[in-house]
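Asks: Please work out how this folds:
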Amino acid sequence: MITPQSAEQWRADGQFVVWKGHQIFVRTGGEDTAPPLLLLHGFPTSSLDWLPMWAELTARYRVVAFDFLGFGFSDKPKRHHYDLQEQTDIAAYLAETFLGQDFHLLVHDCGVSPGQELLARHGEGGLAHRVLSCAFLNPAQHRARPIQKLLTGPFGWLFVHLMNRERFGKSFSEVFGKDTQPGAAELEAYWAVICTNGGNKLQHKLLHYIADRRTHGPRWQAQLTSPPCPIALINGTQDPVSGGHLVDAVAALNPEVPAWRLDHLGHYPQTEGAADVLAAYAEFRDGF
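Replies: Below you'll find the model as predicted:
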C-alpha cells in the first residue's frame with residue numbers, strides 16, 4: 001500500500017540527476033547482471049506508482065524508474081513548455097546513464113507515449129541502445145475525464161487553483177476499479193507528491209501531452225501496427241479512461257498484440273492488483 005510514510009521513504013531511497021539544469025528524481029534497483037528494465041509512469045502521478053511492484057521487479061530485473069519533469073519529486077519549472085518529446089529525451093538519457101545497454105520497457109498511461117516514441121526512435125536508429133520489448137499498462141489514448149477537459153480548456157490555469165485534496169480524491173478514485181478503490185492514506189500520499197514543489201498548480205501545463213498525441217499520433221500508432229520488438233497490453237478493463245474499449249481498439253489495429261484483460265482492476269493496475277500485473281508481465285516476458 002502507498003502511504004505518506006512510504007512516499008517519504010521512496011524519495012529517501014532515490015537520487016537526483018541533473019538534466020539540462022533540472023533535477024530529475026530517479027530510483028534504481030536490482031542486480032547489475034539482471035535484464036535491464038525502464039519504467040515510465042503516467043499522469044498525474046509519479047514513479048511512486050511502481051512501489052507495489054518494486055520488490056518483485058528488482059528481484060528479477062535491473063530496474064530504473066524516474067519522475068518526468070513536472071511530476072513527482074523532479075523539478076517543476078513554472079514557466080516551461082512541457083512536451084512528450086522532451087520527456088522522451090529524459091527517458092533516453094536515463095536509460096543510457098543507468099542501464100547503458102539494450103533494455104525493456106514497462107509503461108503506463110501517458111508514459112505510453114514516450115514509450116512509443118522510444119520505439120519509433122529505435123526503429124529509426126535514433127537510440128544508443130535497442131528497446132528489447134515493451135508492455136503497455138492502460139495507455140492514455142483515451143476518453144478524457146471531465147477534469148481533464150476543464151484543465152485543458154481556456155481556463156485551465158484558473159481551475160488548478162480550485163483543486164484541493166477532496167476534489168482530487170473524488171476525481172482520481174473514479175478511474176479505479178469498484179473493488180480496488182484507493183484509501184484515505186493512499187490519496188493523501190498521491191496528493192502530497194503531486195503538490196511537491198507546487199506541482200498541483202501545473203496540471204494544466206502537464207496535460208499538453210494530449211495535444212502531443214494528436215500531433216504524433218500516426219507515428220506512434222505505427223509502433224502498435226508494426227512494432228520493432230515484442231509488445232503487449234496489460235489492461236485493467238474497469239478503467240473508464242482506457243479500459244476494455246482500449247483493448248478492443250488495439251486488437252482492431254493489430255490482432256497479433258497479446259493482451260491480458262484484468263477485469264477486476266481499473267486505470268492503475270500496478271497499484272490496484274500488483275500481483276496480477278506481475279504475473280501477466282512474467283508471462284509476456286517468458287513468451288519470447
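Asks: Could I get the full set of helices for the chain?
Replies: With DSSP state H as the criterion, the chain has helices at 4-12, 51-60, 84-98, 112-123, 146-152, 156-159, 165-173, 184-195, 203-206, 209-225, 244-253, 269-272, 274-286.
Asks: gap between the second one and the chain center?
Replies: Same thing as helix 51-60. Here helix 51-60 is found 16 Å from its chain centre; the criterion is C-alpha atoms, centre = their mean, to the nearest Å.
Asks: what do you get for the third one?
Replies: Offset of helix 84-98 from its chain centre (C-alpha atoms, centre = their mean): 14 Å.
Asks: other SSEs contacting that helix?
Replies: Judged by 3 or more C-beta pairs under 8 Å, 6 or more residues apart in numbering; DSSP states H and E, the packing partners of helix 84-98 are strand 15-19, strand 22-29, strand 36-40, strand 62-66, helix 112-123, helix 209-225. C-betas here are computed from N, CA, C, even on glycine.
Asks: Not counting the second one itself, show me its contacts.
Replies: To tie it back to what came earlier, the one meant is strand 22-29. By C-beta atoms under 8 Å, 6 or more residues apart in numbering, the list of residues contacting strand 22-29 from outside reads 10-11, 13-18, 46-47, 50, 54, 57-58, 62-67, 69, 72-75, 77, 90, 94, 98.
Asks: Just want the angle from it to helix 51-60.
Replies: Calculated by axes from the mean of the first three to the mean of the last three C-alpha atoms, to 10 degrees, strand 22-29 forms an angle of 60 degrees with helix 51-60.
Asks: for the last one, same thing?
Replies: Taking the same axes, to 10 degrees, helix 209-225 and helix 51-60 form an angle of 40 degrees between their directions.
Asks: Buried ones in stretch 182-198, by neighbour count?
Replies: Using 16 or more other C-beta atoms under 10 Å as the burial criterion, the residues of stretch 182-198 that qualify are 182, 186-191, 193-194, 196-197.
Asks: about what we covered before: single out the most deeply packed of the helices of the chain.
Replies: Across the helices of the chain, averaging neighbours per residue (mean count of other C-beta atoms under 10 Å) puts helix 269-272 on top, at a mean of 26.
Asks: re earlier: would you turn the helices and strands packed on helix 84-98 into CSV with mean pLDDT and distance to Met163?
Replies: Output for the helices and strands packed on helix 84-98, formatted as CSV (pLDDT from 0 to 100; distance: least, C-beta to C-beta, whole Å):
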stretch, mean pLDDT, distance to Met163
strand 15-19, 98, 27
strand 22-29, 98, 22
strand 36-40, 98, 24
strand 62-66, 98, 25
helix 112-123, 95, 24
helix 209-225, 82, 18
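Asks: Nearest to Ala282, out of the ones you listed?
Replies: Ala282 lies closest to strand 36-40 among the helices and strands packed on helix 84-98, at 12.1 Å (C-beta to C-beta).
Asks: low-confidence ranges in the protein?
Replies: Across the chain, the ranges flagged by pLDDT under 70 are 141-162.
Asks: Closest to the centroid, which residue in it?
Replies: Taking C-alpha atoms, centre = their mean, the centroid of the chain lies closest to His41, which sits 2.1 Å from it.
Asks: Next, count neighbours for Glu174.
Replies: Look at Glu174: counted by other C-beta atoms under 10 Å, it has 16 neighbours.
Asks: what about it, distance to Trp191?
Replies: Distance, Glu174 to Trp191, by C-beta to C-beta, to the nearest Å: 15 Å.
Asks: and what of Thr97?
Replies: Going from Thr97 to Trp191 by C-beta to C-beta gives 30 Å.
Asks: Can I get the buried ones among the contacts of strand 22-29 as something I can paste into ChimeraX?
Replies: The ChimeraX selection below is limited to those of those classed as buried (16+ other C-beta under 10 Å):
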select :10,11,14,16,17,46,47,50,54,57,58,62,63,64,65,66,67,69,72,73,74,75,90,94,98
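Asks: Contact partners for Leu202?
Replies: 70, 76, 78, 82, 160.
Asks: residue contacts, the second one?
Replies: The reference is to Lys76. Counting by C-beta under 8 Å, 6+ apart, Lys76 makes contact with 69-70, 196-199, 202.
Asks: 7 Å - rerun?
Replies: Residues in contact with Lys76 (C-beta atoms under 7 Å, 6 or more residues apart in numbering) are 70, 197-199, 202.
Asks: closest to Phe284 among the residues you listed?
Replies: Nearest to Phe284, judged by C-beta to C-beta, of the contacts of Lys76 is Gly70 at 30.0 Å.
Asks: pretty sure the closest one contacts Leu206?
Replies: Yes. Gly70 lies in contact with Leu206 (C-beta atoms under 7 Å); the separation is 5.1 Å.
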